[in-house]
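[1] What follows is a predicted protein model with its sequence.
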Amino acid sequence: MTVTYHGTTILAVRKGGRVALAGDGQVSIGDTVVKAKATKVRTLKGGRILAGFAGSVADALTLFERFEEKLDRYPGNLTRASTELAKDWRADRFLRRLEAVLIVADLEHTFLLSGNGELIEPDDGILAVGSGGEFALAAARALIDDDRLSAREVVEKSMRIAAEICVYTNNNLTVLEL
């Protein structure tokens, strides 16, 4: 599942009991690159949860705060925290206006959360969002069965392929792994 926002590519890959999450560093306004080394992925809860965003930075930061509140309320339960945030996001007038999408992951689950109330866990363990998301997703699906590659290596190679194709994606990657 991909949701398009120009200026970001976020990719999560689950393989071999590991999960890797990467974001490119490019921030664009229209056709202009305004920053090349932004960080769009982070760890939460002492490094036990990975999270990345596509969309408005201010909106994403608000969602990260709300998500961390849910994680505090439901410690160790990514599924419940994600479900509760998705419900709030769909029902709350303020949150519904936020223009961002989150990918969150722990060692057991990977979810896409959106303002439409979507809470999606992929069948194949691969999720991508952003303007280069379709390219990164296709590359990851092509590489996932290569037994020589770890989750991190699949993410890195896939993001580099996306950066070669998408003008809104660069090679300044931040890669996190559990």
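    Structure's in. What do you need?

[2] number of nearby residues for Val19?
    Residues near Val19, counting by other CB atoms under 10 Å, number 23. C-beta: built from backbone N, CA, C; applies to glycine.

[3] There's contact between it and Leu107 in this structure, I believe.
    Yes. In terms of CB atoms under 8 Å, Val19 counts as a neighbour of Leu107; the distance is 6.6 Å.

[4] so where do the strands sit in the chain?
    Counting by DSSP state E, residue ranges of the strands within the chain are 9-15, 18-23, 27-29, 32-35, 41-44, 49-55, 100-105, 110-114, 119-120, 126-130, 174-177.

[5] mind giving me JSON lines with those strands and columns for mean pLDDT?
    JSON lines is the format used below for the strands of the chain (pLDDT from 0 to 100):
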{"stretch": "strand 9-15", "mean pLDDT": "96"}
{"stretch": "strand 18-23", "mean pLDDT": "98"}
{"stretch": "strand 27-29", "mean pLDDT": "81"}
{"stretch": "strand 32-35", "mean pLDDT": "85"}
{"stretch": "strand 41-44", "mean pLDDT": "94"}
{"stretch": "strand 49-55", "mean pLDDT": "90"}
{"stretch": "strand 100-105", "mean pLDDT": "90"}
{"stretch": "strand 110-114", "mean pLDDT": "91"}
{"stretch": "strand 119-120", "mean pLDDT": "91"}
{"stretch": "strand 126-130", "mean pLDDT": "94"}
{"stretch": "strand 174-177", "mean pLDDT": "97"}
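
[6] That's all I had, so thanks and see you.
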